[in-house]
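Asker: One predicted model, sequence on top.
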Amino acid sequence: MIPYGKQDITQEDIDSVLNVLTSDFLTQGPKVPEFESAIAQYVGAKHAIAVNSATSALHIACMALGVDEHSWVWTSPLTFVASANCARLCGAKVDFVDVDPATGNMCPKALELKLAHAASIGKLPKVIIPVHLAGHSCNMQAIQQVASQYDIAIIEDASHAIGSRYHDKHVGCCQFSDICVFSFHPVKIVTTAEGGVLTTQNSNLVSKLKSLRSHGIDKNCAELLRPDEGDWYYEQHELGLNYRMSDIHAALGVSQLARLDNYTAKRNELAKQYQQRLSKLPLDTIEPLSNSYSARHLLLIKLHNPTKRKQVFNAMRQANIQVHVHYFPVHLQPYYLAQGFNEGDAPQAETLYSQLLSLPLYPELTPAQVDYICDTLEALL
């Protein structure tokens, strides 16, 4: 079976992890700050905070920005459920901004209209979470320009987008956002097995985020309420969680990060081959904005005849090609239907979902395998 995504583990990765396993630190050692520093330097952010998953990162990002039961948070309906669940875990109400059918990303015009209406009824969101679907950057400048009119914070869900660029800057530099979140799940561009990182330019958020990832505990002498009793002493100042990343995971991340640019280059080469082979078929490929460079986490196609998708999906799987579909609209999940959402609430996302198919894409995929995938798809269409 040709998988839709696959991690690449080298001997360097194995050695990096083994070095930690035989060291004095398995967790809360030197590798986590090394990984954080490498991420911050790569994307051009002042700060990076590592956690045990991107879901955890989204959760504490919302918490750090003051999201609570009185808040509204808006995100894209065409994403993994974590993009919305992070707000619900804070007790907030969630709503969805429809997508641009050409990109699958949050539509700035739809956001502008929705914000104007929300302002008129007193239900503006506290935070907006645009999602960089497939590694293709959203139009962040347009989104930030609209959000800034209402003093709304922005969290970029860049789970797919480590290595992507927008306006010649790396996604994660937070030029147009308060916080950016990356995922390092095995099918992502680089992996820590499980893990996530938050980046920010806002130094005021850093201590809050670090406290929230570790039970709300603070050992900073300047923040202690009682006299410091010694190196053993700490204080819990708020209700936090155990979202820390271990040195084992960070060691894998440090090793993988050294190959990030090679991985994204290879993914783009394969995407170009797909484009050439699929150009005459009754489908469109979902492409990044012209002023951006995508890390190409997913290769998304949009079938002109969506009624054939299930047949094509099943036939491709039978041909040992693990196609996939990303994503079933979040607002139509049973949990969110129970919150009052209905079919038709995000018509562009719903229509696009019915057309989408994800084709295999990962660095070890060969040109011959791409040809086989395209030949199989062409025969079916």
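Answerer: Cool, got the structure.
Asker: Quick one: residues contacting the nearest residue to residue 255 once chain neighbours are set aside.
Answerer: Using CB to CB, 6 or more residues apart in numbering and skipping the chain neighbours, the partner closest in space to residue 255 is residue 16 (4.0 Å). (C-beta placed from N, C-alpha, C; glycine too.) By CB atoms under 8 Å, 6 or more residues apart in numbering, residue 16 lies in contact with 251, 252, 254, 255.
Asker: tell me which of these is nearest to residue 276?
Answerer: residue 255 (33.2 Å; CB to CB).
Asker: Surely that closest one is in contact with residue 8?
Answerer: No. Residue 255 is beyond contact range of residue 8, at 11.0 Å (criterion: CB atoms under 8 Å).
Asker: between these two, which one's more packed in?
Answerer: Using other CB atoms under 10 Å, the more surrounded residue of residue 255 and residue 8 is residue 255, with 22 against 16.
Asker: what about the more buried one, which helix or strand?
Answerer: In this structure, residue 255 sits in helix 247-257 according to DSSP states H and E.
Asker: contact partners of the helix or strand that comes right after that helix?
Answerer: Later in the chain than helix 247-257, the nearest helix or strand by DSSP H and E is helix 260-278. If you take CB under 8 Å, 6+ apart as the criterion, helix 260-278 is touched by 8, 42, 162-164, 189-190, 285, 293-297, 299, 301, 359, 361-363, 365, 367, 370-371, 374, 377-378.
Asker: And those residues, which of them are buried?
Answerer: 8, 42, 162-164, 189-190, 293-297, 299, 301, 359, 361-363, 365, 370, 374, 377 (16 or more other CB atoms under 10 Å).
Asker: if you look at these, which of them are in helices?
Answerer: Applying DSSP state H to the buried ones among the contacts of helix 260-278, the entries found in helices are 42, 370, 374, 377.
Asker: Now for the second one: which residues touch it?
Answerer: Looking back up the chat, that one is residue 370. Residue 370 neighbours (CB under 8 Å, 6+ apart): 270, 273, 274, 277.
Asker: Counting neighbours, what do you get for the third one?
Answerer: Put plainly, it is residue 274. 22.
Asker: now it: how far from residue 380?
Answerer: 16 Å (CB to CB, to the nearest Å).
Asker: what does the last one give?
Answerer: When distance is defined by CB to CB, residue 277 is 14 Å away from residue 380.
Asker: what does the average pLDDT come to for stretch 169-177?
Answerer: For stretch 169-177, mean pLDDT rounds to 98.
Asker: can you check stretch 13-30 too?
Answerer: On average, stretch 13-30 scores 96.
Asker: ok, now stretch 103-122?
Answerer: Average pLDDT, stretch 103-122: 98.
Asker: do stretch 237-256 as well
Answerer: Here the average pLDDT along stretch 237-256 is 96.
Asker: can you check stretch 127-139 too?
Answerer: 98.
Asker: That one: which residues count as buried?
Answerer: Buried, per 16+ other CB under 10 Å, within stretch 127-139: 127-139.
Asker: ok, of these, which one's closest to residue 328?
Answerer: The closest of the buried residues of stretch 127-139 to residue 328 turns out to be residue 133 (CB to CB; 13.4 Å).
Asker: Skip the chain neighbours and tell me the closest residue to that closest one.
Answerer: Counting by CB to CB, 6+ apart, residue 104 is the residue found nearest to residue 133 once chain neighbours are left out, at 4.5 Å.
Asker: and what of residue 59?
Answerer: Closest to residue 59 by CB to CB, 6+ apart is residue 86, at 4.6 Å.
Asker: now the strands: where do they sit in the stretch 51-200 of the chain?
Answerer: 72-75, 93-96, 127-129, 153-157, 165-166, 169-170, 179-183, 196-200 (DSSP state E, counting those that start in this stretch).
Asker: For residue 309, which of those strands is the nearest?
Answerer: Nearest of the strands of the stretch 51-200 of the chain to residue 309, taken as CB to CB: strand 93-96 at 22.5 Å.
Asker: burial count for the residue nearest to residue 133?
Answerer: Using other CB under 10 Å, residue 104 is surrounded by 28 other residues.
Asker: what's near enough to touch it?
Answerer: 78, 133, 134, 136, 286, 300, 349, 352, 356.
Asker: Let me know the closest of those residues to residue 312.
Answerer: residue 356 (11.5 Å).
Asker: ok, now how distant is that closest one from residue 107?
Answerer: 16 Å.
Asker: what's the answer for residue 227, then?
Answerer: From residue 227 to residue 107 the distance is 55 Å (CB to CB).
Asker: what's the answer for residue 94, then?
Answerer: Taking CB to CB, one finds residue 94 at 18 Å from residue 107.
Asker: ok, and what's touching the helix holding residue 255?
Answerer: Residues contacting helix 247-257 (CB under 8 Å, 6+ apart): 10, 12-13, 15-17, 19-21, 23, 25-32, 34-35, 38-39, 42, 50, 52, 184, 190-195.
Asker: Now the buried members of these.
Answerer: 13, 16-17, 20, 29, 31-32, 34-35, 38-39, 42, 50, 52, 184, 190-195.
Asker: so where is this structure shaky, pLDDT-wise?
Answerer: 221-222 (pLDDT under 70).
Asker: I'm done for today, thanks for sticking with me.
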